[in-house]
Each structure stands twice: as structure tokens, then as C-alpha cells.
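1. Sequence isn't available, so here's the structure alone:
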């Protein structure tokens, strides 16, 4: 039986452990390494002769799409994207027949992915057939650059992402805070997170997304959390569930 070498790339240790644990019973899949950011992933793919790459979409230093761009023109393993909120990306992956794992995933979904992986690996020249990757990259990069439409009566205002200070969730609505202006849209915070530039915005609370360029400083508070202060002077809470990703992003950018 042929054994395929697998590389797991995700900035969350829990996700890396989950994928490794699910691969343990699979005798034809050998975990050759783990990486927690995109730059490590590029180096590992180039040096470890990887067959299958489980690749996180959002990571510090290089995101998953930048990893593919760096590897373009050379050896590219079979890619399984791992994503939390990239709803528009998931549609692209499905259209182009490249598989994905949507966090959180269970064993049933993971085994379905492995079935697709094995089918692709068994096909003629599976690892060289990466013609869909440039199309995916163009689609995803275009999606990240889209402005956010806001209805104002009969007009639709297009908000540039870089003008947003932070985004507040309020029931089934979101408030886009842009300097002294506020815009309200009917959307969930998770779905909007999926189309925002991952290099610019970060979730710091279940009801708050912040533009990293607007952060002035952060400090611990009396409640055991952290307070993030924006350039405007506004203070937001960095809750415990989002703390690791926040510090990881700041330290590696």
C-alpha cells in the first residue's frame, strides 16, 4: 500500500491536533509535519515532499492563499482547505472540486474528505493537475477586495473596508463604525467575517470585529479580560475566547 505524506497547517493548535488524531487510524496517511503559519508551510512543502496539504485559510504572516501563490510554478500537493467562516470561498472550492473542511468538523465529514483525497490521489497525474488554483486565487482575492453594500432607501452605499474602525453585532444586524458615521446592515457577524480582508480585520469578541490598523494599545482590565483601545479613544473588550488568536496575530505581523 502506498503511503502519502501529509502536512497540517493551521495557527490553532486544537485544529492541528484534531486533524492529526483523525489521521492516526489511516494507515496510508503519514503526518510528515505541522506548521502554525504560512511561511513555515511554504518551507515545509518545499523540503518534505508533501502529497496532501491541510491548509488553513486565515493565518498570520502568510494566509492560505498567499501560501499557494508562493508555491505556484513548483510542486503543489493536493490541497484541502480548512476554514471557519469563508462562505464565499467554500462556494468556490465546491465549484472547482477542491475539498474543504468547515470548522468545526466531525469525523464523518473528515472521512468524506479523505475519500475525495484518495480518489484524486489515485487518478492519473493527481498532484500535477493544479490548473484550478489560479482561478480560485483570482476569485478569492477579488472577493476580499469587495466593498460592503449598505442600503439607504433606494440607493446602495458601497463602504470601503479600510474605512471601517470596527463592527458591532446587534441581534440580526451589524453596525459598521466608520469614523463619525455608522451604517447598519442586516447580516450576521460570522457571514460578514467571511468576506472581510483577513489581514485587516480580527474578531476580538463574539459581537465585535476590529480593524487592526485602528488599534492604539491594549491592557488588562479588572474583569480578567483585556481592553483594546482604538485610535478614536473607544475601548472594546478582548474576551478570553479570542485572546490567543489576537496575540498570535499581533506577534507575527
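-> All right, it came through fine. On a predicted model such as this, the values are computed, not experimentally measured, just so you know. Numbering: from 1, shown residues only.
2. what's the helix or strand for residue 169?
-> Assigned by DSSP states H and E, residue 169 belongs to strand 166-170.
3. Actually, residue 149.
-> strand 148-152.
4. Packing partners of that strand?
-> Packing partners of strand 148-152 (3 or more C-beta pairs under 8 Å, 6 or more residues apart in numbering; DSSP states H and E): strand 155-159, strand 181-186. In this view, the C-beta of every residue, glycine as well, is placed from N, C-alpha and C.
5. one more time with 6 Å
-> Secondary-structure packing of strand 148-152 (3 or more C-beta pairs under 6 Å, 6 or more residues apart in numbering; DSSP states H and E): strand 155-159.
6. Quick one: mean pLDDT over the strand it packs on.
-> Mean pLDDT, strand 155-159: 84.
7. From the rest of the structure, what touches it?
-> The contact list for strand 155-159 (C-beta atoms under 6 Å, 6 or more residues apart in numbering) reads 147, 148, 149, 150.
8. Could you find the closest non-adjacent residue to the residue nearest in space to the middle of the chain?
-> Nearest to the geometric centre of the chain sits residue 58, at 2.7 Å (C-alpha atoms, centre = their mean). Distance criterion C-beta to C-beta, 6 or more residues apart in numbering; nearest residue to residue 58, sequence neighbours excluded, is residue 198 at 4.4 Å.
9. sec struct for the one you found, please.
-> Here residue 198 takes the coil state, with states given by DSSP: H, G, I helix; E, B strand; the rest coil.
10. Number of residues surrounding it?
-> Residues lying near residue 198 (other C-beta atoms under 10 Å) number 20.
11. State the distance from it to residue 11.
-> 11 Å (C-beta to C-beta, to the nearest Å).
12. quick one, what contacts residue 185?
-> Going by C-beta under 6 Å, 6+ apart, residue 185 touches 150, 174.
13. if we go to 8 Å?
-> Counting by C-beta atoms under 8 Å, 6 or more residues apart in numbering, residue 185 touches 148, 149, 150, 151, 173, 174, 176, 192.
14. same check, this time on residue 40
-> So residue 40 contacts residue 9 (C-beta under 8 Å, 6+ apart).
15. could you say which helix or strand contains it?
-> helix 38-48.
16. if we can go back for a sec, show the pLDDT at the residue nearest to the centre of the chain.
-> 76.
17. re earlier: overlap of the contact sets of residue 198 and residue 11?
-> Common contacts of residue 198 and residue 11, defined by C-beta under 8 Å, 6+ apart, comprise residue 58.
18. ok, and the helix or strand in the protein with the lowest average confidence?
-> Here the helix or strand of the chain ranked lowest by mean pLDDT, DSSP states H and E is helix 87-95, holding a mean of 49.
19. Check the secondary structure at the closest residue to residue 107 other than its chain neighbours for me.
-> The shortest distance from residue 107 to any non-neighbouring residue, by C-beta to C-beta, 6+ apart, is to residue 22 (6.1 Å). Residue 22 falls in the helix class when you classify it by three-state DSSP.
20. these two touch, right, residue 22 and residue 106?
-> No - Residue 22 is beyond contact range of residue 106, at 9.3 Å (criterion: C-beta atoms under 8 Å).
21. Neighbour count for the two, which is higher?
-> residue 22 (19 against 9).
22. What pLDDT is listed against that one?
-> Residue 22 carries a pLDDT value of 97.
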